[in-house]
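Novice: Pasting a predicted model and its sequence here:
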Amino acid sequence: MSSRRLTRYGSLLIVGGLVCWFFPLFHIRPLDADPRESGDPAATPRQSVSADPAAFAREIWDGPLRMGDAGTNVTKIWDGFEADAARARSQYGRQAGLGGAWYFCIRGQGTVETVEKDRVVLTVRDSLRRVCLQLGVVVDNTVREAIGVNASDFANSQDFNAVSSELNRRVEREVIAPNRALLKKGVGVDFVGCAKIGGKSDLDPLGLIPIQLQTHGTDDANAGLDKHTATEIIP
């Protein structure tokens with residue numbers, strides 16, 4: 001082998017060694033090392049990954065959704081959209097992804113005006129607008145998005161969607177079913193619900209999927225939510 005060829009091979013080996021030194025093909029790390037200490041963002045685990053979507057939904061439902069006051073008063077939503085729709089969305093709503101729909105958690109008080117098969121229309125005190133409580137099968141992601149469940153909390157989209165399904169089942173079983181027979185014309189209702197609002201045409205009637213309902217007689221129509229059963233939404 002000529003000296004020129006040896007020199008060329010030697011140069012290639014030196015260059016290859018330098019490349020591997022500065023840009024290693026793999027890292028060696030002890031098995032018990034904390035991945036957060038590696039400095040590799042991809043090695044840092046998610047802050048919250050749910051292995052059980054049903055348990056995640058139950059924790060939210062039995063915890064944050066059962067304490068305090070929930071959402072924004074419905075009259076603020078109406079007044080906000082009337083004044084500046086874009087500002088109302090950003091101030092009171094949550095957007096599902098970049099450029100996605102806007103979702104809201106809303107509370108208020110009303111009186112049953114009409115009763116239909118799968119919905120009840122309420123008149124709201126001090127307003128000419130109405131609220132429509134949806135009492136049918138809940139099939140979309142409105143509840144999940146309105147209360148602020150984040151996709152980043154889950155390892156995959158299947159678990160994220162499973163949480164939505166579990167929340168919807170709880171709405172049907174624990175909110176809609178026990179209150180359906182109580183929602184009669186003239187009955188007062190304290191409500192907390194979730195809505196998807198695209199524009200002003202969605203505001204009257206304002207369709208809500210109820211996550212909390214409390215009915216009372218017409219004599220008590222001005223009563224508020226019992227503090228022990230009120231709800232708080234924590235993003």
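Specialist: Sure, I can see it.

Novice: ok, now how distant is the closest residue to residue 212 other than its chain neighbours from residue 52?
Specialist: Nearest residue to residue 212, sequence neighbours excluded (Cβ to Cβ, 6 or more residues apart in numbering): residue 192, at 4.0 Å. Backbone N, C-alpha and C define where each C-beta goes, glycine included. The gap separating residue 192 from residue 52 is 26 Å, by Cβ to Cβ, to the nearest Å.

Novice: Which one's more surrounded, the two?
Specialist: Shown here are residue 192 and residue 52; by other Cβ atoms under 10 Å, residue 192 has more neighbours (24 against 13).

Novice: List the residues that contact the closest residue to residue 92 other than its chain neighbours.
Specialist: Excluding its sequence neighbours, the residue lying closest to residue 92 (Cβ to Cβ, 6+ apart) is residue 72, at 4.7 Å. Contacts for residue 72 (Cβ atoms under 8 Å, 6 or more residues apart in numbering) come out as 92, 104, 105, 106, 107.

Novice: Buried residues, the helix or strand where the second one lies. List them.
Specialist: Read that as residue 104. Under the criterion of DSSP states H and E, residue 104 resides in strand 102-115. Using 16 or more other Cβ atoms under 10 Å as the test for burial, strand 102-115 gives 102, 103, 104, 105, 106, 107, 108, 109, 110, 112, 113.

Novice: what does whatever helix or strand residue 78 lives in rub up against?
Specialist: Residue 78 is part of helix 74-83 when elements are defined by DSSP H and E. Contacting residues not belonging to helix 74-83 are listed as 87-88, 91-92, 104, 106-108, 124, 126-127, 129, 131, 197, 200, 203, 206 [Cβ under 8 Å, 6+ apart].

Novice: In the protein, where is pLDDT below threshold?
Specialist: Along the chain, segments meeting pLDDT under 70 span 1-51, 66-69, 218-235.

Novice: all helices for it, in order.
Specialist: Using DSSP state H, the helices of the chain run over 3-22, 53-62, 74-83, 85-92, 142-146, 157-170, 177-179.

Novice: care to break the protein down by domain?
Specialist: With domains defined by automatic domain parsing, the chain comprises 3-38, 46-220.

Novice: Having no further points to raise, I will conclude here.
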